[in-house]
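S.K.: I would like the atomic coordinates for the input below:
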Amino acid sequence: MDTEDLSISYAEMRDRVGGARFGDVWRVDLTDDEQGALEGGFWQSSSAEGHQLVEEKAKAIEWRREWVDGWLAENGLIDPVVRQHGLNLPPASLARFNAAFLPVFGPHPQSGPTEPTLREELERAHDDCSARDEHRDDHPWSPPEGLTLQLLMRTFDNDPRPFLSGVIDLLAFGMALPEKVLQLLALLFEQKDRDARLEICAAIEKEGRSIEQIVAERRRAAAALFAGARRADRSVLIGSLDRTTDQAIPPHYFDVPRNLGFEDNSIATDQTIVASDARWQRQFDAEWREKPKPWVNVRVDFRWLVEWLAQQLTREIMPGVIETPSEYGGIVLKVVASPGGPQPPASPSNMRGLSMSVSSIGPSSSRKPRLVVSAKKRGKKADKFERVMRDMRADLANGALTLESLKDMLEKHLEAKYSASRDTCRRARAAVLASHAE
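M.R.: Model (predicted):
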């Protein structure tokens, strides 16, 4: 019989993809007792720790199943809308399934499965949860250490329209990725053999960053940049839909969730959001049918990019004073009014100390940064910055942290510990360490 006439059920597709991707742990499920404990809730559980373990195991199982469904949807083997509504999914063509499955996972293994030990099951569940939490996209982007307007200008040498991928890497990592990493990434996206792809991923990780980290950080940076482009009063990106004619990408294009496309310097609909958000189901249905082309050869308006990045780099250095980068290489200090208080007068007597600070850290060129006084009110961002500084000082005072441990703590751990963005934690730590050094 011709393989085109054969079909494969949704359940069998899930089992084959899940087994190939996750191994024997794919067949792990909650026991009847665990299911009862989960449904009974915290108060009916034998212990708080036991209930938490069951919850984590259930989350890991659900995450693996969502990953498999996502892969099947991306390859056009299931309709995610039908799946989301809990309807029965029709069988798919076996030939079509094999065309998507074999280049990635290889032949279906013939040997029977082996039951994983309890230790292996818990370790794999922990790894799955860690991978899910470490690289999820809902962490907001914040400027990485070392990212400045001067670095932006040096990198692109005032190119009026730098290419998107270079801009994204600078926003994501505070530097351009090494040429070797870029070559490995290009090779990875062209490679279909699974073993070869794993070898390339291992080679990328030896260069200091995992492929998961690179993808996640790029997506965060792109989401922030596109949010800025959406709010711009004009088109600030330019690209092509046919590789021959350039067009301005209008701000309203980003009303629909967008992110990086498959190839470099491209933008496409963010299917991870559109497929899971009920507000965008009609958009998803339309794109599923019509397969719209992504924008390619995308470039960014450099003047707007400088202005936008300057806004992102603005920070509070002391109560009532914020610091924003200057286009001449130094900084500009802005005095802001306290909530409910009078606006500070713009008199030389009140600014003498601030003027000295600007002069001492400004550029060596003849063009001095200026002091700008405005009546902007301090908002939640300043309150959160002060709260994080208070919490850090309290941890140092009660012995929960030492100056050395605070200095060496990773930013992702600071973010989790103090429930603030990495940028806020980074600035608060610098201020606390500076005050102890005096």
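S.K.: element containing the closest residue to Glu34 other than its chain neighbours?
M.R.: In space, and not counting its chain neighbours, Glu34 is closest to Val54: 4.9 Å by C-beta to C-beta, 6 or more residues apart in numbering. (Each C-beta comes from the backbone N, C-alpha and C, glycine too.) Assessed by DSSP states H and E, Val54 sits inside helix 48-74.
S.K.: check the offset of the next helix or strand after that helix from the chain's centre.
M.R.: Next helix or strand after helix 48-74 toward the C-terminus (DSSP H and E): helix 80-84. Its chain's C-alpha centre and that of helix 80-84 lie 25 Å apart, by C-alpha atoms, centre = their mean, to the nearest Å.
S.K.: wait, Arg393 sits on Val432?
M.R.: Yes: judged on C-beta atoms under 8 Å, Arg393 makes contact with Val432 at a distance of 6.0 Å.
S.K.: tell me which of the two has more neighbours.
M.R.: The neighbour comparison of Arg393 against Val432 (other C-beta atoms under 10 Å) goes to Val432, with 22 against 16.
S.K.: check which helices and strands the strand or helix carrying the more buried one sits against.
M.R.: Under the criterion of DSSP H and E, Val432 resides in helix 422-437. Other helices and strands packing on helix 422-437, by 3 or more C-beta pairs under 8 Å, 6 or more residues apart in numbering; DSSP states H and E, are strand 315-318, helix 380-397, helix 403-408, helix 411-418.
S.K.: in it, what's buried?
M.R.: By neighbour count with 16 or more other C-beta atoms under 10 Å, helix 422-437 contains the buried residues 422-429, 431-432.
S.K.: out of these, the closest to His252 would be?
M.R.: Asp423 (28.6 Å; C-beta to C-beta).
S.K.: now that closest one: closest residue in space that isn't a chain neighbour?
M.R.: Leaving aside its sequence neighbours, Asp423 sits nearest to Ser142 (C-beta to C-beta, 6+ apart; 3.5 Å).
S.K.: any idea whether the one you found is helix, strand or coil?
M.R.: Using DSSP: H, G, I helix; E, B strand; the rest coil, the secondary structure recorded for Ser142 is coil.
S.K.: picking that back up, quick one: mean pLDDT over the helix holding Val54.
M.R.: Averaged over helix 48-74, pLDDT sits at 80.
S.K.: how about it: buried residues?
M.R.: 51, 53-54, 57-58, 60-61, 64, 67-73.
S.K.: report how many residues lie close to Gln247.
M.R.: Neighbours of Gln247 using other C-beta under 10 Å come to 13.
S.K.: and it, what does it touch?
M.R.: The contact partners of Gln247, by C-beta atoms under 8 Å, 6 or more residues apart in numbering, come to 238-241.
S.K.: would you list the buried entries among these?
M.R.: For the contacts of Gln247, burial is judged from neighbour counts taken by 16+ other C-beta under 10 Å, and it is met by 238-240.
S.K.: take these and keep only those in strands.
M.R.: Using DSSP state E, 238-240 are the members of the buried ones among the contacts of Gln247 that sit in strands.
S.K.: any chance of JSON lines for those residues, columns distance to Leu164?
M.R.: What follows is those, written out as JSON lines (distance: C-beta to C-beta, whole Å):
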{"residue": "Ile238", "distance to Leu164": "10"}
{"residue": "Gly239", "distance to Leu164": "8"}
{"residue": "Ser240", "distance to Leu164": "12"}
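S.K.: looking at those, which is nearest Gln312?
M.R.: Distances from Gln312 to these, taken by C-beta to C-beta, are shortest for Ile238, at 21.6 Å.
S.K.: for stretch 220-240, buried residues please.
M.R.: Across stretch 220-240, burial judged by 16+ other C-beta under 10 Å covers 220-226, 228-230, 232, 235-240.
S.K.: in strands, which of those residues appear?
M.R.: Of those, the ones assigned to strands by DSSP E are 237-240.
S.K.: what does the helix holding Val432 rub up against?
M.R.: The contact list for helix 422-437 (C-beta under 8 Å, 6+ apart) reads 142-143, 145, 315-317, 381, 384-385, 388-389, 392-393, 396, 403, 406-407, 409, 411-412, 414-415, 418, 420.
S.K.: just the buried residues from those residues, in PyMOL please.
M.R.: A single PyMOL command is used to select the members of the contacts of helix 422-437 judged buried by 16+ other C-beta under 10 Å:
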select buried, resi 142+143+315+316+384+385+388+389+392+393+396+406+411+414+415+418+420
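S.K.: figure out the length between the terminal residues of stretch 224-243.
M.R.: End-to-end distance for stretch 224-243: 26 Å, by C-alpha to C-alpha, to the nearest Å.
S.K.: likewise for stretch 142-149?
M.R.: One end of stretch 142-149 sits 15 Å from the other (C-alpha to C-alpha).
S.K.: do the same with stretch 153-164
M.R.: End to end - C-alpha to C-alpha - stretch 153-164 spans 15 Å.
S.K.: also stretch 87-106?
M.R.: First residue to last in stretch 87-106 (C-alpha to C-alpha) measures 30 Å.
S.K.: now do the buried residues in that stretch.
M.R.: Of all the residues in stretch 87-106, those buried under the rule 16+ other C-beta under 10 Å are 89, 92, 94, 96-98, 100-101, 105.
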